[in-house]
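Colleague: Fold the following, please.
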Amino acid sequence: MNRAAVGTALALAAVLWLPGGAAAAIKTGQSPDCKRFCMAVEPRAAPEGSVFRFTGRNWRPNRRVRVNFGAYCRPGEACIAVLYTALLRTDSRGRFSFRLRAGRERAGDTQHGIRSGGQPTFQQRVGRPGYRRTVSRRPRYRVILPG
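Modeller: Numbers count the residues shown, from 1 in each chain. You can find the predicted model right below:
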């Protein structure tokens, strides 16, 4: 191949790659007109140390949902690169709930089903064998730092 052909091939590859990369962005699932794989966060913004409740609705019923989240890290702080995973199960109507503290773990959190961490991503496998894909949602919320 000459240089012009290589340049054209690289340009074509870049054009073909971009739409696929853009489509791979993880959705929040929080739009008001959400129909499937919807998420809600209560509260939407709260001070550091608060517990955020993530609820899912209209997911596949009676199936597993994987939650991946990292250690809680304040903005601008160096943070360890640790990934935690929790497995949930949707109820017969496709609903689930998960609680996450934005800060250090406190006494009694484990007994009350509260995890400590940040930036959770909820995932569920869908489709028939041979046509499976993973649906991912990363809900938006804000931690208010002390002034």
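
Colleague: hey, let's count contacts and neighbours off CA atoms from now on
Modeller: Fine.

Colleague: Could you count how many residues lie near residue 90?
Modeller: Residue 90 has 19 neighbouring residues, counting by other Cα atoms under 10 Å.

Colleague: Quick check: it vs residue 138, distance?
Modeller: Shown here: residue 90 relative to residue 138, a distance of 17 Å by Cα to Cα, to the nearest Å.

Colleague: Residue 108 now?
Modeller: 27 Å.

Colleague: These two - which one has more neighbours?
Modeller: residue 138 (19 against 9).

Colleague: Find the residue at the geometric middle of this protein.
Modeller: Residue closest to the mean C-alpha point of the chain, counted by Cα atoms, centre = their mean, is residue 121 at 1.7 Å.

Colleague: Report the beta-bridge partner residues of that one.
Modeller: residue 68 (DSSP bridges).

Colleague: Touching, it and residue 70? I think so.
Modeller: No: under the criterion of Cα atoms under 8 Å, residue 121 makes no contact with residue 70, lying 9.6 Å away.

Colleague: Can you show me the helices along the chain?
Modeller: 3-23 (DSSP state H).

Colleague: Could you check how far stretch 31-47 is from the centre of its chain?
Modeller: Between the centre of stretch 31-47 and the centre of its host chain there is 12 Å, according to Cα atoms, centre = their mean, to the nearest Å.
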